[in-house]
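J.: I need the structure of the sequence given here:
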Amino acid sequence: MKLILGGGVSGLSAAYYLSQRISPSKIYLVEASNRFGGWIQSKQNGNVLFELGPHTIRPKGEPGANTLQLIEQLNLSNEVIPIHTNHPAAKNRMIYVNKELHLLPSNLYGALIKRKPFSKPLLMSVLSELFQPQKQIPDGDESIYDFIERRFGKDVAEYAISPLICGICAGDAKEISVHFLAKSLFELEQKHGGIIKGTIKELFQNSKKNKIELCNLAKRAKSEKWSVYSLKSGLETLPLTLVNNLQEKKVNLIKNSPCTSLEFHDNKIFAKFKDQSLISDHVISSLLANKTAPLVEKQHPELAEYLYGIPSVTVGVVNIEFKGAIKNDKLNAFGFLVPPSQRIPILGIIFDSCCFPSNDSTVFTVMMGGKWFEEYFGTDPSEQSLLDVSKKYIQEILNIHNECESYEVNILKDCIPQYTVGHVQRIQNIYKYIDKHDMPLTLCGTSYSGVGVNDVILSAKNAVQKVL
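T.: Predicted coordinates for the structure are as follows:
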C-alpha cells in the first residue's frame, strides 16, 4: 500500500500519477483539513470570482508543459482562459516606490529610456554586466539580491528583483537563495566569468538542445503566445477535477485526519493519525517540510533538523469587489508590487478586472505580510484589521474611494516556504539522509524544488517515478 500525506494539488497529482501505474485501491491519500486543494481555492461571490490563492499559471518550460498535459488529460482544455503576451495584464506590470506607481520596462524601447525609479536605462545596467568582475562563491550560494546587485547594480536588485521575490514567495530577496530564481544565471557567472559572456558561449556549445515533447494544449499555448492562463470557474477546478478522477478510480481519499507520527520498521511505515493507524510500504509526503519534520523527529532527529531548516511565511489575502467598472488608466495592468524598502505592510495588489474583465464589477486582490507578517500585524490579527489596511492602500495608491460591494479576507498560515541561502545544501542533506537510511519516504510539494503550481505538480510526477 502507498500512502500520500497532504491533499493539496501536489498530493492529488501524486495520487493521480500513481493511479496510472498501480491499483488505485492500494493508494491512500490523507488530508488533515476538511477540504482538498490546499492553497488553491476559488470562491464564487455572486457574479464575481475571488481567487484566495494562486491566480494564474505560466505555460513556459518543462513544468508548464507538464501542467498543460495534465489539464488536457483531465479534459479541462475547454476551461482554459489565456492571457496573451500582447494583453495589458501581460505587458504592464508596476512597482510602488516613493509613493508613486512606476511602469516596469516590457520591451526594448522601455529598456532604452531612463524611467523612475531607476537611475539609468535598464539596458545600460544589462550591458554593464559585461565589465563586472567574476566572484567565486566558496559555498556555491548567496542571496539573489547580492548576486543581482553584483552583476547589474543596486537599482535592478532593489526595484526589479526585491518586489519580484515579494510577489513570488512573499520573501526577502536579501535572504532568498540565488538558486531559487536565477540558478542558470549564477552558474553562467561561476563557469564563464559573466552572464552575457556565458550565454554567448553556451549558445554555440548547445546549439542542439533537447526539445520537450508538447501536448496539443501546450502547442496551442506556444503558437498563440500565452503569457499566463487560468480556468473559467477558477483554478480550484484543477484540484477538484483531480479529486473527482481519483474518486471514480476508487482511490482511498480521507479528510479531517492529521498525521501525528511516522515510524519506520522493517521497510514498513506505521503512520498514526487522529482516529486511525495505517501500515504502508512507502510514504509520499507533500506536506511542508516543517510539517513533515515533527512526524519523523522522534526516530530521525537529524532528518527533522534539516526539514525544520526550510521555514515558511504567512500571507494575508484580501479580495475586494467594487460595483461597476471603475475608469482609471492605472488599472490597465496586471497590478503592482512593493519593494520591502518602502516599509508598508502590503506586498502588492493584483488588478483582477484587467486580467479577466467584468462590466459589473472591479475586483482587486491585496497581498500582505509574508516575511514581515508578524512585524506589521502581530501574531493574531483580526480580519477587519487586514480589510482596513487593504482599503487604505487602495484609496491612497489607486485613488479609489468607492464603497466596496463585497470582500473576502483570508490569513494563509505558513503557506509559502522560503528557499533561503543554503537551500540547495539542505535539500541534498535531506535526500542523502533518506537514501543512506534506506527510508521508504519520498518528498514533493512546495518546500523543495519550486513553490509554483507547475513546480509542485512536476515534483509529484517525479516523486512517483522515484517510488516506482
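
J.: tally of neighbours for residue 256?
T.: The tally of other residues near residue 256 (other Cβ atoms under 10 Å) stands at 13. Any C-beta I mention is one placed from the backbone N, CA and C, and that applies to glycine too.

J.: could you check how far the nearest residue to it once chain neighbours are set aside is from residue 285?
T.: Excluding the flanking residues, the one nearest residue 256 by Cβ to Cβ, 6 or more residues apart in numbering is residue 34, at 5.4 Å. Taking Cβ to Cβ, to the nearest Å as the measure, residue 34 falls 20 Å from residue 285.

J.: so where's this protein shaky on pLDDT?
T.: Along the chain, segments meeting pLDDT under 70 span 206-211.

J.: longest strand anywhere in it?
T.: Criterion DSSP state E: the longest strand present in the chain is strand 404-417.

J.: if we can go back for a sec, comparing residue 34 and residue 285, which residue is more hemmed in?
T.: More crowded of residue 34 and residue 285, by other Cβ under 10 Å: residue 285, with 27 against 7.

J.: so what sits opposite that one in the bridge?
T.: residue 5, residue 443 (DSSP bridges).

J.: thought residue 48 was touching residue 323?
T.: No: Residue 48 is beyond contact range of residue 323, at 10.0 Å (criterion: Cβ atoms under 8 Å).

J.: between these two, which is the more surrounded one?
T.: residue 48 (20 against 13).

J.: from residue 364, how far out is the more buried one?
T.: 11 Å.

J.: and for residue 68?
T.: With Cβ to Cβ as the criterion, residue 68 and residue 364 are 28 Å apart.

J.: and residue 26, what does it touch?
T.: By Cβ atoms under 8 Å, 6 or more residues apart in numbering, residue 26 lies in contact with 1, 2.

J.: next up, phi/psi of it, please.
T.: Residue 26 adopts backbone torsions of phi -90, psi 10, taken as degrees, to the nearest 10.

J.: name the nearest residue to residue 276, sequence neighbours excluded.
T.: In space, residue 276 is closest to residue 257, 7.0 Å off (Cβ to Cβ, 6+ apart).

J.: what is the burial count for the one you found?
T.: Residue 257 has 16 nearby residues by other Cβ under 10 Å.

J.: with residue 451 instead?
T.: Residue 451: 23 neighbours (other Cβ under 10 Å).

J.: pull the contacting residues for it.
T.: Contacts of residue 451 by Cβ under 8 Å, 6+ apart are 168, 169, 416, 417, 419.

J.: so how far is residue 315 from it?
T.: With Cβ to Cβ as the criterion, residue 451 and residue 315 are 12 Å apart.

J.: report the set of residues contacting both of these two.
T.: What both residue 451 and residue 315 touch, as defined by Cβ under 8 Å, 6+ apart, is the set residue 416.

J.: mind giving me the domain ranges of this protein?
T.: As assigned by automatic domain parsing, the chain contains the domains 2-39+236-310+420-467, 105-205.

J.: among the ones you listed, which comes closest to residue 384?
T.: Ranking these by proximity to residue 384 (Cβ to Cβ) places domain 105-205 first, at 21.7 Å.

J.: show me the strands in the stretch 251-400 of the chain, by range?
T.: Along the stretch 251-400 of the chain, counting by DSSP state E, counting those that start in this stretch, strands occupy 252-254, 259-265, 268-273, 277-280, 282-285, 312-323, 335-337, 346-351, 361-370.

J.: would you list these in TSV and tack on distance to residue 378?
T.: Shown next, in TSV, are the strands of the stretch 251-400 of the chain (distance: least, Cβ to Cβ, whole Å):
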stretch	distance to residue 378
strand 252-254	35
strand 259-265	29
strand 268-273	32
strand 277-280	38
strand 282-285	31
strand 312-323	11
strand 335-337	24
strand 346-351	16
strand 361-370	10
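
J.: do you know which of the ones you listed lies nearest residue 23?
T.: Distance to residue 23, taken as Cβ to Cβ, is lowest for strand 252-254 among these, at 11.1 Å.

J.: the closest one: which residues count as buried?
T.: By neighbour count on 16 or more other Cβ atoms under 10 Å, the buried set for strand 252-254 is 252, 253.

J.: how about stretch 257-268?
T.: Residues of stretch 257-268 classed as buried by neighbour count (16+ other Cβ under 10 Å): 257, 259, 262, 264.

J.: check the offset of it from the chain's centre.
T.: Chain-centre distance of stretch 257-268: 29 Å, with Cα atoms, centre = their mean, to the nearest Å.

J.: hmm, who's touching it?
T.: Contact with stretch 257-268 is made by 5, 30-32, 269-276, 279-281, 283, 287, 295-296, 298-300, 438-441, as judged by Cβ under 8 Å, 6+ apart.

J.: can you rerun that using 7 Å?
T.: For stretch 257-268, contacts defined as Cβ atoms under 7 Å, 6 or more residues apart in numbering pick out 5, 30, 32, 269-276, 279, 281, 283, 295-296, 298-299, 439-440.

J.: same question, stretch 133-142
T.: Stretch 133-142 is contacted by residues 150, 177, 178, 179, 189, 190, 193, 194, 421, 422, 424 when judged by Cβ under 7 Å, 6+ apart.
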